[in-house]
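>>> build the 3D model from these lines:
(2 chains, ligands or ions: 2)
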Amino acid sequence: MAFYIALFLTGLANAAALFLVASGLSLIFGVTRIVNFAHGSFYMLGAFIGVTLMQVLPGAVGFWGAIALTGLAVGLIGALVEIVVLRRIYRAPELFQLVATFGVILVIQDLALMIWGAEDRLGPRAPGLRGVWRIFGEPVPKYDIALIAITPVILLALWYLITRTRLGILVRAATQDREMVGALGVNQAWLFTGVFGLGSALAGWGGALQLPKGGADLLMDFNIIGAVFVVVVIGGMGSLPGAFIAAVLISVLNAFGVAFLPQSTLVLMFVVMAAVLIVRPYGLLGREEVAGEHGQVGAPETPIRPYGPRGMALTTLLLALLAALPGFAEPFVLTLVIDIVVFALFAASLHFILGTGGMVSFGHAAFFGGGAYAAALLVFHTETPMELAFLFAPLAAGLLALAIGWFCIRLSGVYFAMLTLAFSQLVWSLAFQWRSVTRGDDGLINIWPADWLNGPLPYYYFTLILGVGGILTLRHIIHSPFGYALRAGRDSPRQAEAMGIDVRRVQLVAFVLAGMMAGLAGGLFVFSKGSVFPTELEIAKSFDALIVVFLGGVKTLAGGVVGASFLTSVEHWLTRLEYWRLLLGLVIIALVILMPEGIVGTLRRLALRLRRSDEEVSR
Amino acid sequence: MTEILRAESLRKSYDGFLAVDGISFSVREGELKALIGPNGAGKSTCFNMLTGQLKPTAGEVYLRGARITGRPPREIWRMGVGRTFQITGTYRSMSVIENVQMALISHHRRLFSFGPRAWKLYRGEALEFLRTVSLEDQADRPCSVLAYGDLKRLELAIALCHRPRLLLMDEPTAGMAPSARIELMQLVADIVRDQGLSVLFTEHDMDVVFAHAHHIMVLNRGALIADGSADEVRRDPRVQEVYLGGGTLFKEAGDA
Ligand SMILES: Nc1ncnc2c1ncn2[C@@H]1O[C@H](COP(=O)(O)OP(=O)(O)OP(=O)(O)O)[C@@H](O)[C@H]1O
Ligand SMILES: [Mg+2]
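Ligands and ions are numbered 1, 2, ... in the order given. The predicted model follows:
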């Protein structure tokens, strides 16, 4: 019994940092409607700044003073980020904000690397709280007890701030009705900055508070963000008590998981999340999101058309060039093109549900990596012939998409995005922790194509045919009645339902289709590299695809392909530099702010403008 | 005339606030019936319960005697009930004719077809519907550039695509010039006469209402206070009370 109590206390103690970070994210979302993916980065900054300050400031006063100062510092950094980056894109679609905050993640990662180096830092012990207390005979670290005492105090303080102060009234008003704040005569811009700063400060405090139990390292940002999203999704977006309950639930569960099922701690968390969401799609204390009358924000679109003769000719030319490439190009170019085609198919599949369907999935890597793993597992464990295993990639990914889609399609907008992300993390955690089957981060290796395909040349054509075939199939579907039905559901779900379209069914089918195509890309990928690692399922992989779709332009059909070529090539050159993330992050942020229509969209607009001035000249 | 639609004690409450307070009425075959009332009376809420966008808190809806309460909008549409909305919800990324084609594709149950090019399907048929509402010369314009009044007419064309037996129109002429309003309602009246279709519509313009409606219902704060012919409604003291100062409007309409 005493052992269980000790475990329970450990869980409660761990909930402190998780709750702090999650409450910050929830607060920011509630007011600004921005899902701050860089929130994990603020947590990491909190840890690093905390360690540094604790080394400088001595004693207990120094320790707690360092923690307090850390929060303030991170809060200031957050406010700065808000002013420089986010303030310009509040009215933009979710995807823009996601991409921008992803740029911030990259920048902070490299800045942290520059300042603190690549080594992990161990957190100092808290002065005066070094030992353990015995509770029913079980040792419980004193610092854990301190954390357990602190967490409710923080909840109460936040609760007081939100319910009893003028700032709180504004925050609540903004959470419920954004237009109203403007009517109250408040400077909305500064309210948003303030809230963003406060949310970031909370993340910073979380990072600093966990130092004696953990430390600071450069992977913290992504490591916590999955758990934080689970907490926010379970608790309900924008609900502080919800975040508290969920943080405690997840942390306690985790403590027991570590003791009894050490191989499945991560999986457990996502299973709980799925269970909660079946019963309450908007989380324990979340309110149903009242969707706007119209589906999408942003400038109106012109109707789509397949390419005219000129576009057809260009595409044919490009394909002919690719087909002839092995005749004159060096081998590394072929490898690069294979990478591009694989990535382009992956991105095109995301573009299909995102651009045409309006479903912003943050977890598309689940299907890419899922397909890759499905084929690799078959080859690895049963020595299935490559051809069969390869077929299995899109099939398994499609089934996975069916299962995940069934949960996610019920939600829309940000909720859909968070849920897809959480599910992709579930798949990732399976690959990462189920070592007996997946070999964890050792990955599955020696997954080579069949003999007739083995070799750069045959595999190049194999990839070209299937990859291009997949992309063209998706494009064809966009112009088919099904594609139109999908777009109808995006443009105006109410109207679509009122003309006999089962929007969710259409979306589910599209989701499965996209999953299959991503799985196909994953299959092509695994046999081209000969191996697969959990990194192919990571958040970063999903984000890569999102960035590509964004770079190319959401509303253009060629977007995914152009973006993929751009990013793959850029990364190919950029990754040779030491601080390439910083550069890439800055480029991404600049693109979001300067070229919100993406590369293709911007080029098209420039072309239009040129043509128009031409006409004026000729007149 | 047999009745096509019947509502029984239909009620909708939002956190205790009664937007629609237990109203009962029916619409008969071939009837052009208006539902009028001041802003916030509950007209749109009532419509949304009839066509499935909202679930009633209590009460029942029957279509030709069959209970359809709480059915999803798409099923009610397939039973032959058309609907236009107060705030138009056309597909902004499609051209005018594609909007109509989309409805036809759904009507012909080709939604899950992956082969053909969608804009080639039912183009002639779609043009016919556009012609009925005089939009054929704008067929290939992007929907997003249409004037508001044209959008309303497009909505009507879309709503006619599955040859409904009953059509519910929420403020079909809002945002139009007065002459265009009369014109559009005349068109609707013609369709009602020619095809034996029933129409239930809400409208703030009393000229339009009294010029065309066979029967009029008056809703006030969620309660139905009158249901009868134009004359009966006009003379009803409770209606006159609701429309304080609006009495002149009635007279003008009556004289017209
Ligand atoms: N989702 C909701 N939550 C709370 N109250 C609502 C909601 N929707 C409508 N109401 C209220 O219900 C009442 C009826 O609204 P409804 O839109 O049906 O009126 P209406 O007669 O169509 O008005 P109008 O002529 O302005 O279109 C209004 O007072 C409105 O504020
Ligand atoms: Mg209304």
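
>>> buried residues in stretch A:583-593?
A:Leu584, A:Gly585, A:Ile588, A:Ile589, A:Leu591, A:Val592, A:Ile593 (16 or more other Cβ atoms under 10 Å in any protein chain shown). (Glycine included, C-beta is placed from N, CA and C.)

>>> right, is stretch A:344-363 up against chain B?
No - judged by Cβ under 8 Å from any Cβ of the partner chain, stretch A:344-363 makes no contact with chain B; its nearest approach is 9.2 Å.

>>> how long is that stretch end to end?
17 Å (Cα to Cα, to the nearest Å).

>>> what do you get for stretch B:198-209?
End to end - Cα to Cα - stretch B:198-209 spans 15 Å.

>>> and for stretch B:59-77?
20 Å.

>>> could I get the phi/psi values of B:Glu183?
phi -60, psi -50 (degrees, to the nearest 10).

>>> show the pLDDT at it.
For B:Glu183, the model assigns a pLDDT of 86.

>>> the stretch 101-250 of chain B against chain A: which residues are in contact?
Applying Cβ under 8 Å from any Cβ, we find that the stretch 101-250 of chain B lies next to chain A at B:101-103, B:105-107, B:110-119, B:121, B:142-145, B:158, B:161-162.

>>> buried subset of these as a PyMOL selection?
Selection command for PyMOL covering only the buried members of those, criterion 16+ other Cβ under 10 Å:
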select buried, chain B and resi 101+102+103+105+106+107+110+111+118+119+121+142+143+144+158+161+162
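
>>> coming back round to it: now, which of the buried residues of stretch A:583-593 sits nearest A:Ile49?
Nearest to A:Ile49 among those: A:Gly585, at 19.5 Å, using Cβ to Cβ.

>>> pull the contacting residues for the closest one.
A:Phe102, A:Gly103, A:Val104, A:Ile105, A:Leu106, A:Val107, A:Gln109, A:Asp110 (Cβ atoms under 8 Å, 6 or more residues apart in numbering or on different chains).

>>> distance of the residue in the stretch 1-150 of chain B that ligand 2 sits nearest to relative to B:Glu171?
Of all residues in the stretch 1-150 of chain B, B:Ser44 sits closest to ligand 2, at 3.1 Å by Cβ to the ion. Look at B:Ser44 and B:Glu171: by Cβ to Cβ, to the nearest Å, they are 8 Å apart.

>>> intersection of neighbour lists for the two?
B:Gln86, B:Thr202.

>>> A:Ala68: neighbour count?
14 (other Cβ atoms under 10 Å in any protein chain shown).

>>> which pLDDT value belongs to residue 209?
As the question left the chain open, I've gone with chain A. 92.

>>> try chain B instead
88.

>>> following element in sequence after the strand or helix carrying it, please.
Using DSSP states H and E, B:Val209 maps to helix B:206-212. Using DSSP H and E, the next helix or strand after helix B:206-212 towards the C-terminus is strand B:215-220.

>>> from the contact counts, what lies against that following strand?
With contacts defined as 3 or more Cβ pairs under 8 Å, 6 or more residues apart in numbering or on different chains; DSSP states H and E, strand B:215-220 has these neighbours: strand B:17-28, strand B:32-36, strand B:223-229, helix B:230-235, helix B:237-242.

>>> need the ones you listed in TSV with mean pLDDT and distance to A:Leu334, can you?
Output for the helices and strands packed on strand B:215-220, formatted as TSV (pLDDT from 0 to 100; distance: least, Cβ to Cβ, whole Å):
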stretch	mean pLDDT	distance to A:Leu334
strand B:17-28	92	66
strand B:32-36	93	69
strand B:223-229	89	75
helix B:230-235	85	79
helix B:237-242	80	78
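
>>> so which of the ones you listed is the most surrounded?
Most buried of the helices and strands packed on strand B:215-220 by mean neighbour count (mean count of other Cβ atoms under 10 Å in any protein chain shown) is strand B:32-36; its value is a mean of 24.

>>> mind checking if that one is in reach of ligand 2?
No - contact of strand B:32-36 with ligand 2 (Cβ under 5 Å from the ion) is absent, the minimum separation being 9.8 Å.

>>> now that strand - C-alpha only, CSV.
Taking Å, rounded to 0.1, in the frame of the first residue of the first chain, the C-alpha atoms of strand B:32-36 are listed here in CSV:
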residue,chain,number,x,y,z
LEU,B,32,-46.8,29.6,-50.4
LYS,B,33,-46.7,30.5,-46.7
ALA,B,34,-44.8,33.2,-44.9
LEU,B,35,-43.4,33.2,-41.4
ILE,B,36,-42.9,36.7,-40.3
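
>>> quick one, that strand and strand B:215-220 angle?
Angle, strand B:32-36 to strand B:215-220, by axes from the mean of the first three to the mean of the last three Cα atoms, to 10 degrees: 20 degrees.

>>> perfect, that will be all.
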